[in-house]
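J.: got a sequence here, can you build the structure:
(one chain, ligands or ions: 4)
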Amino acid sequence: MTDVLSRTPPAQAVEPERGGALDDAACAVCEFVRASVDRSIFFIAVEGISEDWFRLQMRKGGFCLRHARRLALEGSFRLTEPYRHVIGGWQDRAEAPGKMDLSVGGGCPVCATESRAEAHAFGLLARGDLAGARVTPGRTLPICLDHLVLLLDRAAWSQVAEVAGSIGGRVRLAMLASAEVEGPSEILCGLDPNGAARRAGASHANARDAHPTEPLGFDASITPDAVYRELEDGRCPVCSAVRTASLGYIGWLGRPAYEPRGDRDLDAVCREHLFDAGQRATAAAARGVAASIERWRLMADLLADGSAPPPTRLTGRLRRAVDIFRRDRAARRRQFLPIRSAWATVRYLLDPGAPVIERRHQAHVQRDRACVGCTAMITAARRTLDLLGALLVGRAGVDRFERTDGICLRHLAAGRSRIELQSHAVALRVAAARAARIGWELDEEARKLNWSVRYEPHGPEETAWMRALRFVLGDDVLAADFLATEPDVARLAA
Ligand SMILES: [Zn+2]
Ligand SMILES: [Zn+2]
Ligand SMILES: [Zn+2]
Ligand SMILES: [Zn+2]
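T.: Ligands and ions are numbered 1, 2, ... in the order given. Got it, this is the predicted structure:
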């Protein structure tokens, strides 16, 4: 028990066959989560919409961008009712004296389902119940590397070696797939988180024609002219800048002049960006996958053959324990791991499992990289908000801004910590006016849906919910091609 990893079985002599690689690609945990999310969306569509808990979630900020997009494209689902509550809730919170709360997208019920389903799947997995999948040494589990690494952090110590073995097997599978088939992304990180929205034939696609989401005003640089152009064309300039930055990075990664060695520092791509690239920019995807496999290979090696032993002196060990605690805490914030790292830190200090913890820690550190695409998006949003703040200092800038529809509510909330109070108040005033207009339209649509006024012709209010979606979450909510969403903190590379 002092060092279970040293008992890791040697690498399998026989490589898994190619056919087997493809059959095993679907991750059991991802599948379980997907099925739960599908059920949850079906439930919301059928009856949840009229329930109190749902109304409350909507008033707290409603769906996140990723799930709102999926619902918008699902076809059978008009979001008039939910977005009446989202807008109404925002208006109330924005006007609350003393504790103005402008956040949107934080009360996503589908995200809640997603994380609950994932936790439940891990519980089932630990008991060996999940679709017959069992943590068995020497067998390559149908679990993606993303989920295996979560399992590594949650598994009992006696199972760490087995999970480490599975990671090694999966990495070999990915290497095999990358040599022979396109895009081993599913082996690495499971199902495409935007897969449902990407499915062809989504019937609200006409919404995209009505509201072009392609950024037109931004070429590559963030400039005052580009900001005004976007505003005057009815788009949120922050959304446009974010999208331009994301596409710019993917384009750069896939460029022919790429030098694999020189650019190692900029080849880290998260799951969302990897699947986007896989669909639309295969050269970039190939580079992202190759880099990902390389990081996983290093991690698997470290897990298998060990690393430097933990320091023997108590002071050195204390310092390491703090390092490990910090990394675990950061990982937990990003991936909602259970709180057990404090306990791991104590055990590290007291010794019995120090080598295991040390090795697990070093393996993680080896592959913990922030996605460069996500970082580009976050930076672009900040720089554009800062510029907007600067433009809103003078009277001329304010006048010009006030003649437009302003920025989306998501970026208005983000701007609160970056833009000077007076300038932000201008953006807030413009948003409040837009909220009032869209709120009226949504009410009108809800009224006309009433059977008792069926003689009234329908008008433009029928598509008010699409305008509401763009207003609340930004222009990307109706995007059709590159779907990676802008995170608060850069996602980990795949
Ligand atoms: Zn998975
Ligand atoms: Zn969500
Ligand atoms: Zn925006
Ligand atoms: Zn990313």
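J.: hmm, the one helix or strand residue 275 maps to in reach of ligand 2?
T.: If you go by DSSP states H and E, residue 275 is part of helix 271-280. No: between helix 271-280 and ligand 2, judged by C-beta under 5 Å from the ion, nothing touches; the nearest distance is 12.9 Å. Yep, even glycine has a C-beta here, placed from its N, CA and C like the rest.
J.: any idea how far the closest residue to residue 407 other than its chain neighbours lies from ligand 1?
T.: Excluding the flanking residues, the one nearest residue 407 by C-beta to C-beta, 6 or more residues apart in numbering is residue 236, at 4.6 Å. From residue 236 over to ligand 1 the distance is 33 Å, taken as C-beta to the ion, to the nearest Å.
J.: next one: the one helix or strand residue 167 maps to, is it in contact with ligand 1?
T.: Using DSSP H and E, residue 167 maps to helix 157-180. No: Helix 157-180 lies apart from ligand 1 when judged by C-beta under 5 Å from the ion; the minimum separation is 10.4 Å.
J.: that helix - contacts with which helices or strands?
T.: Here helix 157-180 touches helix 18-23, helix 145-154, helix 185-189, helix 282-305, helix 354-367, going by 3 or more C-beta pairs under 8 Å, 6 or more residues apart in numbering; DSSP states H and E.
J.: so can I have TSV of these showing distance to ligand 3?
T.: Shown next, in TSV, are the helices and strands packed on helix 157-180 (distance: least, C-beta to the ion, whole Å):
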stretch	distance to ligand 3
helix 18-23	39
helix 145-154	28
helix 185-189	27
helix 282-305	24
helix 354-367	32
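J.: can I get those helices in JSON lines including mean pLDDT, mean neighbour count and distance to residue 62?
T.: Putting those into JSON lines (pLDDT from 0 to 100; neighbours: other C-beta atoms under 10 Å; distance: least, C-beta to C-beta, whole Å) gives the following:
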{"stretch": "helix 18-23", "mean pLDDT": "42", "mean neighbour count": "14", "distance to residue 62": "39"}
{"stretch": "helix 145-154", "mean pLDDT": "82", "mean neighbour count": "22", "distance to residue 62": "27"}
{"stretch": "helix 185-189", "mean pLDDT": "83", "mean neighbour count": "26", "distance to residue 62": "27"}
{"stretch": "helix 282-305", "mean pLDDT": "86", "mean neighbour count": "21", "distance to residue 62": "32"}
{"stretch": "helix 354-367", "mean pLDDT": "73", "mean neighbour count": "22", "distance to residue 62": "34"}
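J.: for the ones you listed, which one sits closest to ligand 1?
T.: Nearest to ligand 1 among the helices and strands packed on helix 157-180 is helix 145-154 (3.7 Å), distances taken as C-beta to the ion.
J.: chain center to the closest one, what's the gap?
T.: Taking C-alpha atoms, centre = their mean, to the nearest Å, one finds the center of helix 145-154 at 17 Å from the center of the full chain.
J.: using PDB, list the CA coordinates for that helix.
T.: Only the C-alpha atoms of helix 145-154 are listed here, as PDB (Å, rounded to 0.1, in the frame of the first residue of the first chain):
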ATOM      1  CA  LEU A 145      -9.000  10.100 -21.000                       C
ATOM      2  CA  ASP A 146     -10.800  13.200 -19.700                       C
ATOM      3  CA  HIS A 147     -12.900  11.000 -17.500                       C
ATOM      4  CA  LEU A 148     -10.200   8.500 -16.600                       C
ATOM      5  CA  VAL A 149      -8.100  11.300 -15.200                       C
ATOM      6  CA  LEU A 150     -11.100  12.400 -13.000                       C
ATOM      7  CA  LEU A 151     -11.400   8.800 -12.000                       C
ATOM      8  CA  LEU A 152      -7.700   8.800 -11.000                       C
ATOM      9  CA  ASP A 153      -8.400  11.600  -8.600                       C
ATOM     10  CA  ARG A 154     -11.500   9.900  -7.100                       C
END
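J.: the helix holding residue 275 and ligand 1, any residue contact?
T.: No: counting by C-beta under 5 Å from the ion, ligand 1 is not contacted by helix 271-280; separation bottoms out at 9.6 Å.
J.: give the other helices and strands that that helix contacts.
T.: Helix 271-280 sits against helix 185-189, helix 237-253, helix 282-305, with contacts defined as 3+ C-beta pairs under 8 Å, 6+ apart.
J.: in the stretch 51-200 of the chain, which residue sits closest to ligand 3?
T.: Closest to ligand 3 within the stretch 51-200 of the chain is residue 65: 9.9 Å, counting by C-beta to the ion.
J.: just give the number of residues close to that residue.
T.: 24 (other C-beta atoms under 10 Å).
J.: with residue 456 instead?
T.: By other C-beta under 10 Å, 11 other residues sit near residue 456.
J.: next one: residue 428
T.: By the criterion of other C-beta under 10 Å, residue 428 has 20 neighbours.
J.: next: residue 251.
T.: By other C-beta under 10 Å, neighbour count at residue 251 equals 14.
J.: what's the answer for residue 450, then?
T.: Around residue 450 there are 9 residues (other C-beta under 10 Å).
J.: same check on residue 47?
T.: 10.
J.: pLDDT score for it?
T.: Looking at residue 47, its pLDDT is 75.
J.: picking that back up, mean confidence for the helix holding residue 167?
T.: 78.
J.: alpha carbons only: can I get that helix in PDB?
T.: The C-alpha coordinates for helix 157-180 follow below in PDB (Å, rounded to 0.1, in the frame of the first residue of the first chain):
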ATOM      1  CA  TRP A 157      -5.800   4.100  -3.500                       C
ATOM      2  CA  SER A 158      -6.000   0.400  -4.100                       C
ATOM      3  CA  GLN A 159      -7.400   1.200  -7.600                       C
ATOM      4  CA  VAL A 160      -5.000   3.900  -8.600                       C
ATOM      5  CA  ALA A 161      -2.700   1.500 -10.300                       C
ATOM      6  CA  GLU A 162      -5.600   0.000 -12.300                       C
ATOM      7  CA  VAL A 163      -6.800   3.400 -13.400                       C
ATOM      8  CA  ALA A 164      -3.200   4.400 -14.300                       C
ATOM      9  CA  GLY A 165      -3.000   1.200 -16.400                       C
ATOM     10  CA  SER A 166      -6.300   2.100 -18.200                       C
ATOM     11  CA  ILE A 167      -4.900   5.600 -18.900                       C
ATOM     12  CA  GLY A 168      -1.800   4.000 -20.500                       C
ATOM     13  CA  GLY A 169      -4.000   1.700 -22.600                       C
ATOM     14  CA  ARG A 170      -6.200   4.500 -23.700                       C
ATOM     15  CA  VAL A 171      -3.200   6.700 -24.700                       C
ATOM     16  CA  ARG A 172      -1.900   3.800 -26.900                       C
ATOM     17  CA  LEU A 173      -5.300   3.500 -28.400                       C
ATOM     18  CA  ALA A 174      -5.300   7.200 -29.300                       C
ATOM     19  CA  MET A 175      -1.800   7.000 -30.800                       C
ATOM     20  CA  LEU A 176      -3.000   4.100 -32.900                       C
ATOM     21  CA  ALA A 177      -6.000   6.000 -34.000                       C
ATOM     22  CA  SER A 178      -4.100   9.100 -34.900                       C
ATOM     23  CA  ALA A 179      -1.900   7.200 -37.200                       C
ATOM     24  CA  GLU A 180      -4.800   5.600 -39.100                       C
END
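J.: the helix holding residue 275 near ligand 4 anywhere?
T.: Yes: among the residues of helix 271-280, residue 273 lie within reach of ligand 4 under C-beta under 5 Å from the ion.
J.: show me what from the chain comes close to ligand 2.
T.: So the chain meets ligand 2 at 64, 67, 108, 110-111 (C-beta under 5 Å from the ion).
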